[in-house]
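Asker: Give me a model of this one.
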Amino acid sequence: MRAIVFTEHGPPDVLRSVRLPDPRPGPGEVLVEVAAAGVNFIDVYQRSGVYRVPLPYVAGVEGAGVVAAVGPDADGAGFRPGDRAGWVNLPGAYAERAVVPADRLVAIPDGIDLTTAAAALLQGMTAHYLTHDTYAVRPGDTVLVHAAAGGMGLMLTQMVRLLGGRVIGTVSTEKKQRLAEAAGADHVIRYRDADVVAQVRELTGGHGVAAVYDGVGGPTFEASLAALRPRGVLALYGQAGGAVPPVDPQRLNTAGSVFLTRPNLQHHITDPAELRARSVDLFRWIAEEALEVGIRRDLRLAEAPVAHQLLETGASAGKLVLVL
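Answerer: Sure thing, here's the model as predicted:
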C-alpha cells in the first residue's frame, strides 16, 4: 500500500510517499480502506518533533473509509466489512489502509460522505468538548475565538452559535473575515489592524468574554488572558503559533480569578461511549445542515508536504483533507 512516512523530525519535506506491506487486523482490530484523511496541527507537531513519536511513523491521526476486514474478537463493536467508519487520535491515516482498534471506530451514517467525515471528526469533536465541557456555552454568553477562519475556528464559531452564544473572532485578512462572518461570527477583529483587547472590551461593555478558545498559543496568550471577564475561562487547546512561556499562577488572580486550562481531545474520548456520543451529535448536526463543513481544500495523498506547508504558514482557510 501507499503511505506517507517520516523517518526523522523536520520540515514538511521529511514526509515521503512509500510502499509498505498491507496491514492485517489483529485481535480486537479492524482493517479500513481509507478514503480520506484530515490534516491537523497535531500532524505538524508530530512531524516537526514538538510532539515526539516513534520513528519511522505513518502520519495522520484522522481518517474515514470502508471496513475491509474484522480481526478476531472485534465482533462486539458491531462493525462488518462494507461498513463506513472513521477515527481520530490514532496514527496511520495518511495511507491507503489502516488498522484501528474496533472500540476506537465510529460509524459514519448514510448521507455523510467519507471526505466530509474525515474533514469533520477531529475538529468537530474538539469543538464539542470545548463548548460542552471545558467551558459549557450558555445562551447569551460571548466568547472569543482566535483564528476564526481556520478549520477549527469555523467549527467552534458554528457550535457556539448552535448553543446560543455570541462569537468575537480574530483573523488576519479581509478574506478570512468574510469566512468567519459567513460561519456566524457576530464580530470579527483583524488583529493586524486593531488592538484585540480594546476591541473585545468595547464589544462587551467593558466586561470581557466568558471564555477564550485559543489554539494559537504564544502570540495570542496575553490578549486572551486580558480579554476575559472575572472568573472567565481561557481554553488553550493548541499552540499553532508557538508555545506559551511559563506563567505565574498569581496572574490568574489579578486577571479576575480566571481559569487557565490546557485540554486535550484524547482525555475527552477515552471512554468509547463518550467517543461515540460526540460523533453522533456531530453527524446529526451535519445531516441537519446545522453545521457546515464545506470550506475545505482537498489534496492527493502525495501532496501531504504541500498540505503541511499550507497549514503551518497560515496560507489556508478552512480544512485541508488528503483524498485517496
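Asker: Low-confidence stretches in the stretch 151-300 of the chain?
Answerer: By pLDDT under 70, the low-scoring segments of the stretch 151-300 of the chain are 295.
Asker: The stretch 201-324 of the chain: helices as residue ranges?
Answerer: In the stretch 201-324 of the chain, the helices defined using DSSP state H, counting those that start in this stretch lie at 221-226, 250-254, 272-287, 304-313.
Asker: Those: which one's closest to residue 92?
Answerer: helix 304-313 (13.2 Å; Cβ to Cβ). C-beta coordinates here come from the backbone N, C-alpha and C atoms, glycine included.
Asker: Does anything pack onto that closest one? Which helices or strands?
Answerer: Packing partners of helix 304-313 (3 or more Cβ pairs under 8 Å, 6 or more residues apart in numbering; DSSP states H and E): strand 29-39, helix 41-48, strand 296-300, strand 319-323.
Asker: Give me the nearest residue to residue 100, chain neighbours excluded.
Answerer: Excluding the flanking residues, the one nearest residue 100 by Cβ to Cβ, 6 or more residues apart in numbering is residue 87, at 5.0 Å.
Asker: re the thing from before, columns distance to residue 72 and mean neighbour count on top of the helices of the stretch 201-324 of the chain, output as JSON lines?
Answerer: Listed next are these as JSON lines, based on distance: least, Cβ to Cβ, whole Å; neighbours: other Cβ atoms under 10 Å:
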{"stretch": "helix 221-226", "distance to residue 72": "48", "mean neighbour count": "21"}
{"stretch": "helix 250-254", "distance to residue 72": "51", "mean neighbour count": "11"}
{"stretch": "helix 272-287", "distance to residue 72": "19", "mean neighbour count": "18"}
{"stretch": "helix 304-313", "distance to residue 72": "33", "mean neighbour count": "19"}
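Asker: Of all the ones you listed, which one is nearest residue 95?
Answerer: Nearest of the helices of the stretch 201-324 of the chain to residue 95, taken as Cβ to Cβ: helix 304-313 at 10.6 Å.
Asker: okay, the angle between that closest one and helix 41-48?
Answerer: 110 degrees (axes from the mean of the first three to the mean of the last three Cα atoms, to 10 degrees).
Asker: Next, the angle from helix 304-313 to strand 296-300.
Answerer: Helix 304-313 and strand 296-300 are oriented at 150 degrees to each other (the same axes, to 10 degrees).
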